[in-house]
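Colleague: predicted model, plus sequence, below.
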Amino acid sequence: MRGRGERLETLLGERGLDRMLVTDLVNIRYLTGFTGTNGACVCGPGIRVFLTDFRYTERAATEVEGWEAITVEGDWLASIAERLEGKVGFEDDHLAVRSLEKLKEKLGEGVEAVPAGGTVERLRRVKDAEELAAIEAASRIADEVWEWSVERGFAGRTERDVARAAEARIRELGGDPSFPAIVAAGPNGALPHAEPGERTIGNGELIVFDMGAQLDGYCSDGTRTYATGDPGAEAREVYGVVLEAQLASLEAVKAGASGEDVDAVARKVIDAAGHGKHFGHGLGHGVGLEVHEAPRLSPRADDVLEPGEVVTVEPGIYLPGVFGVRIEDFVVVEEGACRNLSTLPKELTLVD
Ligand code: ZN
Ligand code: ZN
């Protein structure tokens, strides 16, 4: 993964760190390309070392790019510790307290471990061309599966059946589900993270259908709300409010906007319609190697958007015990605007 170690080294310099110890596997994959389940990276001026154990020597030889790959044969933590010097950042949001204590016992004279969680995640926010290509391909798979699902119809099937069929279709198209698909019909749609159940989808119901595909490690994430026949005046009205909030906040997504400001655009529309208390989650989140990553679009997000970031825009209104509506697109932040990767229609679609 050419260039990522260099970007990390620059960031360490800015933060007054001499070395960074990376132990989170997703961050390791991002930096080195390694997809195994045991590894660690040490980065600093002139040092790019990736450590693993004998099970992964061969995998490291084929996958790891731009880092010196070392197979540790003796004491794992001692091998790491001997490569650390000065002020060492560690991932306090990923490294177990017990491992940290043991590592500290092995550190040399004058070596200081300081919490530096979120450092690699900061780099991961902005995607390069290769990452964007994977993300766009994943998004196309998911869009194809929504279209395929709509053709098969929803009424008379269980939520679980619709969700499992969609996941299987994602695999047929060469991807993996980036998370278990959410299919929540009628009152279940009011639970933002409902698990698809055995409830049979009826006529005239709204269905919140949230899914994503994963390709080459990169995720997509999107939601459409469909109706099995006319869902009634209240549902149509609420759908219109969510759509208006979504379109307005999409307009606000551009380089230089803050996560808080973009969220506020959607929240204002929903508040004005009297549904402020029915929109209980943030407007969106970054997506990449993980479905939820930085930056955040929410009332407390001071993240400022940069070109090349990929975020969701997903306002929702949830009426407890009645129904829910969420519309989630998946966009690339650019100068002056965003580029929407979602290709599906957004007017309320009536499905069999
Ligand atoms: Zn999302
Ligand atoms: Zn989603």
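Modeller: Now that the structure is in, tell me what you want to look at. Ligands and ions are numbered 1, 2, ... in the order given.

Colleague: what ranges do the helices span in this structure?
Modeller: Under the criterion DSSP state H, the chain carries helices at the ranges 4-14, 25-32, 57-63, 76-81, 97-106, 119-124, 129-152, 159-172, 233-252, 259-272.

Colleague: out of those, which comes closest to F323?
Modeller: helix 233-252 (5.8 Å; CB to CB). Quick note: C-beta positions are derived from backbone N, CA and C, even for glycine.

Colleague: is ligand 1 contacted by the closest one?
Modeller: No: interface with ligand 1: helix 233-252 contributes nothing (CB under 5 Å from the ion), its closest point being 12.6 Å away.

Colleague: would you confirm that D261 contacts A252?
Modeller: Yes: the pair D261 and A252 passes the contact test of CB atoms under 8 Å, sitting 6.7 Å apart.

Colleague: who has more neighbours, the two?
Modeller: Counted by other CB atoms under 10 Å, D261 and A252 do not tie: A252 has more neighbours, with 20 against 16.

Colleague: contacts only, for the more buried one.
Modeller: Applying CB atoms under 8 Å, 6 or more residues apart in numbering, one finds that A252 lies in contact with 261-262, 265.

Colleague: quick check, nearest of these to F279?
Modeller: Distances from F279 to the contacts of A252, taken by CB to CB, are shortest for V265, at 12.4 Å.

Colleague: quick check: that closest one vs A248, distance?
Modeller: Separation of V265 from A248 (CB to CB, to the nearest Å): 5 Å.

Colleague: repeat that for V331.
Modeller: 14 Å.

Colleague: residues touching E314, list them.
Modeller: Contacts of E314 by CB under 8 Å, 6+ apart are 223, 246, 283-284, 326-329.

Colleague: likewise for R236?
Modeller: Contacts of R236 by CB under 8 Å, 6+ apart are 230, 348.

Colleague: one step back: please identify which of V265 and A248 sits among more neighbours.
Modeller: Neighbour count, other CB under 10 Å: between V265 and A248, V265 has more, with 22 against 16.

Colleague: roughly how far does the more buried one sit from ligand 2?
Modeller: 19 Å (CB to the ion, to the nearest Å).

Colleague: mind checking how far that residue is from L250?
Modeller: 9 Å.

Colleague: ditto for D352
Modeller: Counting by CB to CB - D352 and L250 are separated by 29 Å.

Colleague: before we move on, what about F34?
Modeller: For F34, the distance to L250 - CB to CB - is 36 Å.

Colleague: residue contacts, the closest residue to E205 other than its chain neighbours?
Modeller: In space, and not counting its chain neighbours, E205 is closest to G186: 4.4 Å by CB to CB, 6 or more residues apart in numbering. By CB under 8 Å, 6+ apart, the contact set of G186 is 199, 201-202, 205-206, 323.

Colleague: what does the protein have sitting close to ligand 2?
Modeller: Neighbours of ligand 2 within the chain, by CB under 5 Å from the ion: 210, 221, 223, 328.
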